[in-house]
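1. Here you go, sequence then predicted model.
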Amino acid sequence: MRQYLDLCQRIVDDGVWVDNKRTGKRCLTVINADLTYDVATGEFPLVTTRKSFWKSAIAELLGYIRGYDNAADFRKIGTKTWDANANENPDWLANPHRKGTDDCGFIYGKVARNFPKPDGGSVDLLRQIVDDLSNGIDNRGEIFTFYHPGVFDMGCLRPCMYSHHFSLLGDTLYLNSTQRSCDVPLGLNFNMVQVYFFLAIMAQITGKKAGQAYHKIVNAHIYEDQLELMRDVQLKREPLPAPRLIINPKIKTLEDLETWVTLDDFAVEDYQHHDAIKYPFSV
Ligand SMILES: Nc1nc(=O)c2c([nH]1)NC[C@@H]1CN(c3ccc(C(=O)N[C@@H](CCC(=O)O)C(=O)O)cc3)CN21
Ligand SMILES: O=c1ccn([C@H]2C[C@H](O)[C@@H](COP(=O)(O)O)O2)c(=O)[nH]1
């Protein structure tokens, strides 16, 4: 939690104003931040200086694991986070690749679970990684990547957290996640939960111990209409002790995640937090 608040404070103190064309807003921006989550000791990086909607974050990652490309599917598993990008971005609404209401096109898991090959066909990156890790193999390239510039014009948004690289040392699993662009008041609340959760659940389904997750952020920003709430409200609050994430131990395979798992299979224990803050969202 401290590392999150330190990054917020650093943006407020040292950030540089950058114009953003798509949203028409300015962002106070810093370049490069490195966050670490100790999944081994179970210190869940949930923001406590406001209420964080962690279930939405897990639902979003579950949707990426399943390869979803439709905001209605994301809503069904418990998150509305793709509604605005699927249905309110004028460029995407005018894009001939959009298949209709709620279509997100080629985003995240839709790309990575069907990664197109130049000679036709596709590769399921996650299936390969789960199989390797389950067999104790780390080929030094166990990379679940959503980044495919060839399909950027066929989706409503380029991936932000675009790469998850898993590594094994003995029977301990590590994760390095990379994010190119980060809305620190809104998106990062979710992204920290997702990086922690991804390592915890991958360790569980591959039969490994979870180690540390390392989260690299390149462009970290606060939109101009979020700054006052961050500087004058959230940063004035004292952080509270970290809660714990509980995952149903019956989840044992990738197929379990793809088929029967719901948000009822996850719980957060001892979540103490300050009041919710409603930050403006930019499409
Ligand atoms: N500008 C922007 N920021 C983002 O963080 C973001 C995007 N766009 N587009 C794609 C996804 C969608 N994400 C989102 C979308 C909405 C919330 C949001 O409204 N969060 C509220 C309420 C959450 C809830 O009720 O479930 C929050 O207070 O955290 C957060 C992340 C993260 N990503
Ligand atoms: O997981 C996510 C997804 C998105 N974001 C934020 C980062 C930016 O503010 C926007 C995306 O805009 P780009 O112009 O494509 O960079 O969404 C996030 O923080 N986390």
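-> Now that the structure is in, tell me what you want to look at. It should be emphasised that the depicted structure is a prediction, and the values quoted were computed from it without experimental measurement. Ligands and ions are numbered 1, 2, ... in the order given.

2. helix/strand/coil for Asp19?
-> Per DSSP: H, G, I helix; E, B strand; the rest coil, the local secondary structure of Asp19 is strand.

3. can you check Gly211 too?
-> strand.

4. The one 3 residues further on too?
-> Secondary structure for Tyr214, judged by three-state DSSP, is strand.

5. Can you name the residues that contact it?
-> Tyr214 makes contacts with Asp34, Leu35, Thr36, Tyr174, Leu175, Asn176, Ser177, as judged by CB atoms under 8 Å, 6 or more residues apart in numbering. Yep, even glycine has a C-beta here, placed from its N, CA and C like the rest.

6. out of those residues, who's nearest Gln226?
-> Nearest to Gln226 among the contacts of Tyr214: Leu35, at 19.2 Å, using CB to CB.

7. hang on, the earlier thing: out of the contacts of Tyr214, name the ones that lie in helices.
-> The helices, defined by DSSP state H, take in nothing from the contacts of Tyr214.

8. Okay, and which of those residues map to strands?
-> Asp34, Leu35, Thr36, Tyr174, Leu175, Asn176, Ser177 (DSSP state E).

9. and ligand 2, which of those reach it?
-> Of the residues in those, proximity to ligand 2 by CB under 6 Å from any ligand atom holds for none.

10. Would you mind checking those for buried ones?
-> Leu35, Tyr174, Leu175, Asn176, Ser177 (16 or more other CB atoms under 10 Å).

11. what about Leu208, neighbour count?
-> Wrong residue type there; residue 208 is Lys, not Leu. 21 (other CB atoms under 10 Å).

12. what residue lies at the spatial centre of the protein?
-> Asn191 (3.7 Å; CA atoms, centre = their mean).

13. Tell me which residues touch Asn89, please.
-> Arg22, Cys156, Leu157, Val283 are the contacts of Asn89 under CB under 8 Å, 6+ apart.

14. ugh, wrong one, Gln204
-> So Gln204 contacts Ala210, Ile247, Pro249, Ile251, Lys252 (CB under 8 Å, 6+ apart).

15. Double-check the second one against Ile201; I have them as touching.
-> So the one you mean is Ile247. Yes: taking CB atoms under 8 Å as the definition, Ile247 is a contact partner of Ile201 at 6.5 Å.

16. Name the residue in these two with the higher neighbour count.
-> Ile201 (24 against 15).
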